[in-house]
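Visitor: model this:
(chains A, B, C and D)
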Protein chains: 4
Amino acid sequence: MSERIFDRDGRWWDLPSGAANTIADVPGVTVGHATLQAGAARTGVTAILPHDGDLFRHPVPAGMAVLNGFGKSAGLMQLAELGRIETPILLTNTFGVPACATALIRRAITENPGIGRHLPTVNPLVLECNDGRINDIQAMAVGEAMAQQAIDAAGPVFEQGTVGAGTGMRTFGFAGAIGSASRRVTLPSGIAYTLGALVLSNFGRPGDLRVLGRRVGTPAEHRSDPEDKGSVIIVYATDAPLDARQLGRLSRRAGAALGRLGSFWADQSGDVAIAFSTANRLSLEGDVEPAARLVEARMNPFLQAAVEAAEEAVLNGLWHARPVAGYDGLRLPVLGGQLSPDRLMP
Amino acid sequence: MSERIFDRDGRWWDLPSGAANTIADVPGVTVGHATLQAGAARTGVTAILPHDGDLFRHPVPAGMAVLNGFGKSAGLMQLAELGRIETPILLTNTFGVPACATALIRRAITENPGIGRHLPTVNPLVLECNDGRINDIQAMAVGEAMAQQAIDAAGPVFEQGTVGAGTGMRTFGFAGAIGSASRRVTLPSGIAYTLGALVLSNFGRPGDLRVLGRRVGTPAEHRSDPEDKGSVIIVYATDAPLDARQLGRLSRRAGAALGRLGSFWADQSGDVAIAFSTANRLSLEGDVEPAARLVEARMNPFLQAAVEAAEEAVLNGLWHARPVAGYDGLRLPVLGGQLSPDRLMP
Amino acid sequence: MSERIFDRDGRWWDLPSGAANTIADVPGVTVGHATLQAGAARTGVTAILPHDGDLFRHPVPAGMAVLNGFGKSAGLMQLAELGRIETPILLTNTFGVPACATALIRRAITENPGIGRHLPTVNPLVLECNDGRINDIQAMAVGEAMAQQAIDAAGPVFEQGTVGAGTGMRTFGFAGAIGSASRRVTLPSGIAYTLGALVLSNFGRPGDLRVLGRRVGTPAEHRSDPEDKGSVIIVYATDAPLDARQLGRLSRRAGAALGRLGSFWADQSGDVAIAFSTANRLSLEGDVEPAARLVEARMNPFLQAAVEAAEEAVLNGLWHARPVAGYDGLRLPVLGGQLSPDRLMP
Amino acid sequence: MSERIFDRDGRWWDLPSGAANTIADVPGVTVGHATLQAGAARTGVTAILPHDGDLFRHPVPAGMAVLNGFGKSAGLMQLAELGRIETPILLTNTFGVPACATALIRRAITENPGIGRHLPTVNPLVLECNDGRINDIQAMAVGEAMAQQAIDAAGPVFEQGTVGAGTGMRTFGFAGAIGSASRRVTLPSGIAYTLGALVLSNFGRPGDLRVLGRRVGTPAEHRSDPEDKGSVIIVYATDAPLDARQLGRLSRRAGAALGRLGSFWADQSGDVAIAFSTANRLSLEGDVEPAARLVEARMNPFLQAAVEAAEEAVLNGLWHARPVAGYDGLRLPVLGGQLSPDRLMP
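Guide: Just a heads-up that it's a prediction; the model follows:
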């Protein structure tokens, strides 16, 4: 059953959502969080697993789009070159990237002791936003254990809002967050696929947010820092057989979703999208492998789904966010509490 | 005096427009059209001149963004490599590109007889959309003379809507068009600059258009071809001293504007943005040249201006479009006639 | 039977050549020339056909690499986006690009009358070098008829050297040229594939050429124009099932070959490589198509083959070049005549 | 005084070297090493400092080229977007990247306590190769202290060969290494600039090396692992006023140098080049800053210098390498000891 909060009537969006309206509607995809709220820390790690097997030996095809490269994510250069993901995807704060990368390296070595020896090295994939307004980012509180904890917690049902990597994030001046959504695409032949999005949302200038096309003001007391210095990470998953190039095309559409939400992809906002397919796992051995491929002329519903899912994922994240007091006392408003019921429709 | 049609109160957009609210608000930039409506032809050429001098000897810095590369524009590879524009910019239909390129080559040789001999060859810059639904594109009616005519017609005042390259275009199922808009950016030191946009608008699926955040239906009889197979070209000009890299960053923001208008950057839509600065013309001689450069931390108002100006340029083009009967009798609705006054506000 | 001129003993290169040591060793690939030597014209067109069917309806997967974007080729933006080639590949001089593009458009429309109407437009692929030192390039002597003539002449056996698009070219100060070579790759499972290269060679500063690692002087009288203002186009074909991303990786290796030959990829040299596979023709219809894919870990022999074939193709072109007097009397030396037999070995 | 080991007569290369023939010939550039040979560790860190000031507040313009993206370097996405370097450049082994990144973050915060709070986060730049054949890379022996130690050791005179990050590297089957070289470029106006290169060299298949054009065999006992699974990092510095785009063009030429040395940029070799200019430090404050810029038509000698310096830097590194016994007993041959004097000339 679809869990739509916004636009239940389908006037703003056209495509139906999957059963849970999350990225985990894509069969096999799981999500887990580790959240740290202690002392001056309000931060965490969120893990997305494309499948429950050994990703190093069974990588999935992937593409990416750097909408704005003001960011410090790890693993994107090799993702672009090889068109594949070979570790869990970790989301965290900017200065947590090294610890998460180390955790992924250690985990891969444990599973494949030949890594870096007779096997190639592993490419840890860690994406980030700066939660420094709420979290004391200089304390570097994210450690390897948190990364492992988020991976261990991964399952098909997961929390949204102020949780995991989303704990200390800020979006258009509001609290949060981790959000997710999904869309169903049915092709002419009747085959149906799912596309899901999960966002780590930390972007947007206070006062710029558009909810289903209507501009939402941020309370004046929260506009003291009027710059957009955040970032946003969009992760797409699908069970449709898109290859790396097609997944790159799909990733770029996250930029349209950000525009709809009111963002101008600000200078200091590292806006990055990645996409993977759970079809056609890649082989490390053998000479030639069989693969199915979506006919290019069928890309449109997936591109539309990518825009809709990313836009809704951000809104869902904001909806689920809870009040957080920053390490220095800053309190961010929560969007959900301010939205009258008519704002949930276009 | 600003010529705002949409959002006169500044509730949807924040930045003020330039005097004429067109790309020609950037000092020195001129625009000209050649329009052909005869027989089965409903097409044309639109020329944008960064300055009135010899562009080959005095190129301007430029950047670009291929949002979706399903297109046949000429000159972009070298623009990306060298970060400069060295001919007028011509817009036309897809199959008119070769004629326009030839016209630009001949014009450059006339002005600089050493081209291709002791001077390098010239890089003609021609961008296109497919007007094949209205214009009999297979007739290849665009000739070199039309290209020259558009250049000769260039001036600071120019028509928008169903004119020049926009004559046979279609946008979200509506007629048109060529559109333009501008924004003023004032920096902390008090220096003010102008950013202008001109669009050749031929994109968007019928029924998907959002005008200032509200979805606008296309009359049902015009939804017979529900696919988005168009394209859109966005040309930015500014007198601010952005270098090629910064102009590339700026160009990418056109994607946010397309998203706000309701587009998902469809598969068969060649969506391309270019941007040039009239400051810091480039030298062909000497060893080192002086240049000013915008401090990167001041990019934000320009990025915002790029989104606002492109969004408004598309709307302005639709507003000015006139009814056109296609070569095969297809009649496209005109948006302007359908917009009640309240639709001009968010 | 392999037609090796250089390094017959395999001391410089490791991989065996195909039967004819040309790009046409890849089954189905054909090449044709149209040459014009009349009046001040010393120019032409060379056509490469990935297969003998309708390329618009049966495109082939393709990748590309812009090593240096100082060039005016047509069709590369869409090749990069869609990863496919849908017309014959035409090579010609810089100012011949528009005529060749027009010829490809007309040809595609003739075969598919729906193009630009209910079918998308077609993406003509034309690559170029500037033959302006030998050919009176300003005369724009390349016309649509020559393009068609080159396509009609295409076959599995073709001439190299001073012919077709190579007629007026110059390489490291020497005459020429069109050149070709091929390599055989055998994978562990015993499957064997062919990789072929064809180059339009117009690059390199006089005095910089290295033949199998030894620097070859250019006669002093030919060093009056010491700059490297040429270009080089490298076209790869293979029957191995590489996808678009892999073909892009392969294309980039042309840069290593240019380095071995003594080039530093000069500023005004438009150095571009493209690659296509004849396996896995792409569908325009249906939802999902099957495709085989080379396992990534098997890329190395193909990458090596790409370097060897491009390097040898340039040398083969120079070897076959004949003396040409330029339109203004300039005479270029011919490398072949100056190479003592020991220069054919490392 | 120029310290040329190879090609003292200038028959293979054309341009003169700087005084020390290292990257530190560029005024203000310094290099430092931290080397660890203990237990199973044979690894280290090498630091390159563009200037001795606060790089976060006074970044330098920079460009980059991903020749082959099979690698795990940190900081390249933002370098590409913003065209600047804002920390020291650290080179290390693949699994040492997180520790080095953390060290750079901590160092930047110490110098600028507002980082991540009212100032943006910092972008640590760490490049890597896999030294896993010699070093027990799984032990993750590189720690933050080593990174700081390398930075502290930076000076204008530095060791080459088996030192710092080069300690456990392997090149074409031989030991090593860190290498460096430089070139002087004099422009028509008489202004002279320096371009320097420093390489972390860990690439090339045994048996493929070309020294000044002659193929150098690797002793048969060292060919047991015939694959090229290494990587190479090339860092360029110059005092010429190249902007970010021009530095990107320059970086790409490292690919030609790798080709000359015998590499085909193998599949599993992460080949990355970066370049920075010490002219025109960038401002974080103010609106517009002055900047000088090299006229594009003067790029050629710098492009040539980039090829020559990178090629020689690899050879110099191999020349200075010393015998190393791997953690598992593997002994790599040393090139220097095998080169007869005639091999130092082309």
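Visitor: Ramachandran coordinates for the closest residue in space to residue A:318 that isn't next to it in sequence?
Guide: Nearest residue to residue A:318, sequence neighbours excluded (CB to CB, 6 or more residues apart in numbering or on different chains): residue A:335, at 4.1 Å. Using the backbone N, CA and C atoms, a C-beta is placed for each residue, glycine as well. Backbone geometry at residue A:335, expressed as degrees, to the nearest 10, gives phi -60, psi -40.
Visitor: what number of residues lie near residue A:335?
Guide: For residue A:335, the neighbour count with other CB atoms under 10 Å in any protein chain shown is 25.
Visitor: for it, what are its contacts?
Guide: A:171, A:172, A:174, A:175, A:176, A:209, A:216, A:318, A:319, A:321 (CB atoms under 8 Å, 6 or more residues apart in numbering or on different chains).
Visitor: Grab the nearest non-local neighbour of residue A:113.
Guide: Nearest non-adjacent residue to residue A:113, counting by CB to CB, 6+ apart: residue D:138, 8.0 Å away.
Visitor: May I ask you to confirm that the one you found is in contact with residue A:112?
Guide: No - using CB atoms under 8 Å, residue D:138 is not in contact with residue A:112, being 10.8 Å away.
Visitor: These two: who's more crowded?
Guide: Using other CB under 10 Å as the criterion, residue D:138 and residue A:112 rank with residue D:138 on top: 18 against 15.
Visitor: quick one: secondary structure of that one?
Guide: Put simply, residue D:138 is helix when judged by DSSP: H, G, I helix; E, B strand; the rest coil.
Visitor: Next one: it, what pLDDT does it get?
Guide: Note on residue D:138: pLDDT of 94.
Visitor: quick one, what contacts it?
Guide: Residue D:138 sits next to A:109, A:113, A:115, A:116, A:117, D:95, D:132 when contact means CB under 8 Å, 6+ apart.
Visitor: Up against chain D, what does the stretch 151-300 of chain A have?
Guide: A:229, A:268, A:270, A:272 (CB under 8 Å from any CB of the partner chain).
Visitor: Pick out whichever of those sits closest to chain C.
Guide: Nearest to chain C among those: residue A:272, at 19.0 Å, using CB to the nearest CB.
Visitor: so what's the residue nearest to residue A:98 when sequence neighbours are not counted up against?
Guide: Closest residue to residue A:98 apart from its sequence neighbours, by CB to CB, 6+ apart: residue D:98 at 3.5 Å. Counting by CB under 8 Å, 6+ apart, residue D:98 makes contact with A:97, A:98, A:99, A:101, A:102, A:105.
Visitor: Please confirm that residue D:98 is located within a strand.
Guide: No - per three-state DSSP, residue D:98 lies outside any strand segment and is helix.
Visitor: how many other residues sit next to the closest residue to chain B within the stretch 101-250 of chain A?
Guide: Across the stretch 101-250 of chain A, the shortest distance to chain B (CB to the nearest CB) belongs to residue A:213, at 3.1 Å. For residue A:213, the count of nearby residues is 20 (other CB under 10 Å).
Visitor: from what I can see it touches residue B:209, true?
Guide: No - judged on CB under 8 Å, residue A:213 makes no contact with residue B:209 at a distance of 11.4 Å.
Visitor: Identify the contacts common to these two.
Guide: In contact with both residue A:213 and residue B:209: residue B:215, using CB under 8 Å, 6+ apart.
Visitor: how about the residue lying closest to residue A:332 once chain neighbours are set aside, what does it touch?
Guide: Once flanking residues are discounted, residue A:332 sits nearest to residue A:175: 4.1 Å by CB to CB, 6+ apart. Counting by CB under 8 Å, 6+ apart, residue A:175 touches A:162, A:169, A:318, A:321, A:322, A:323, A:324, A:332, A:333, A:334, A:335.
Visitor: Give me the spatial nearest neighbour of residue A:109, chain neighbours excluded.
Guide: residue A:115 (5.0 Å).
Visitor: ok, that neighbour to residue D:202 distance?
Guide: Between residue A:115 and residue D:202 the distance is 17 Å, computed by CB to CB, to the nearest Å.
Visitor: Residue A:185 too?
Guide: According to CB to CB, residue A:185 stands 45 Å off from residue D:202.
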